[in-house]
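> got a predicted structure plus its sequence, pasted below:
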Amino acid sequence: MLSVDSLKKRYRKKLVLENLTFTVRPGEIIGLVGENGAGKSTLLRILATIDKPNKGSISFFNYLYSKNRKEIRKYIGYVPQDIAIWEELTVKENMLFFEKLSLSSKSSQELRQLCLDMNLDKWEEPVKKLSGGMKRKLNIAITLIHEPTMLLLDEPTVGIDLKSKIEIGSYLLKQAKDNNRIIIYTSHDMDEINHLCDRVICIGEDSFYEDILKDSGKEIISF
Ligand SMILES: Nc1ncnc2c1ncn2[C@@H]1O[C@H](COP(=O)(O)OP(=O)(O)OP(=O)(O)O)[C@@H](O)[C@H]1O
Ligand SMILES: [Mg+2]
């Protein structure tokens, strides 16, 4: 269980997040929406332990973010907004490289299966030759190597074709529902949000997203 209580984040004079309180249970997919600059990536970075809030507390099962950052990191998979993989290396080499960095031990076949589960079959192909959608899939596969309890994905489906979007979406759904993982992800695609998410968190003053979500039947938490 993830509990966020009264979170506040400011960059110098700019207040980005204020009084953010919510909880997420295992198996839930949470969609994070808000206009550009609302603070979605900031919140994900804080949850990924990369950034720190100015006020408020976060707990992850029995761990406190203020005290147990190292332990918490073992349970988190984070895909930043900008793709972070080695362009010159093949899919296989990337997977093997990140497997070495991760705390788990996986065989080459297991690593390959992680890619195949998302319909990414270019095992021997250099990453620079992959499409944007394939790179996103690889980034997600890398994040799953250490079998994280919580997946934090910053716009995992931006700028990719519908087929890849659906493949990534159904894969995330499976990860949450079959493996009981917490998934928190951002997207500007409201159809996708409506399809995938159990709940939606709206950040920022703009009521645009809330209006779109009004008839969706989703539980909407807004700040
Ligand atoms: N390291 C930083 N230093 C100063 N200001 C920052 C920093 N990171 C983000 N900001 C500011 O915080 C605000 C929120 O940024 P953030 O990237 O979290 O928005 P976002 O909701 O992810 O936007 P987008 O939809 O464009 O990705 C913006 O005004 C941004 O300029
Ligand atoms: Mg962002």
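The structure has been received and is ready for your questions. Ligands and ions are numbered 1, 2, ... in the order given.

> now do the SS call for the residue nearest to the spatial centre of the chain.
Compute the mean C-alpha point of the chain, and by Cα atoms, centre = their mean the closest residue is Leu153, 1.7 Å away. Following DSSP: H, G, I helix; E, B strand; the rest coil, Leu153 is assigned to strand.

> give me the nearest residue to it, chain neighbours excluded.
Excluding the flanking residues, the one nearest Leu153 by Cβ to Cβ, 6 or more residues apart in numbering is Tyr185, at 3.9 Å. The C-beta positions use only the backbone N, C-alpha and C, and glycine is treated the same way.

> which strand residues bridge that neighbour?
Gly31, Leu153 (DSSP bridges).

> measure how buried it is and give me the count.
Close neighbours of Tyr185, defined as other Cβ atoms under 10 Å, add up to 25.

> isn't it up against Leu172?
Yes. Counting by Cβ atoms under 8 Å, Tyr185 touches Leu172, with 7.2 Å between them.

> which neighbours do the two have in common?
Counting by Cβ atoms under 8 Å, 6 or more residues apart in numbering, the contacts common to Tyr185 and Leu172 are 29, 151, 153, 156.

> which of the residues you listed are buried? Put it as a ChimeraX command.
Remark: buried members of those, expressed as a ChimeraX selection using 16 or more other Cβ atoms under 10 Å:
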select :29,151,153,156
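
> is it possible to get CSV of the shared contacts of Tyr185 and Leu172 that adds pLDDT and distance to Ser107?
Listed next are these as CSV, based on pLDDT from 0 to 100; distance: Cβ to Cβ, whole Å:
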residue, pLDDT, distance to Ser107
Ile29, 97, 29
Leu151, 97, 22
Leu153, 96, 25
Pro156, 92, 26
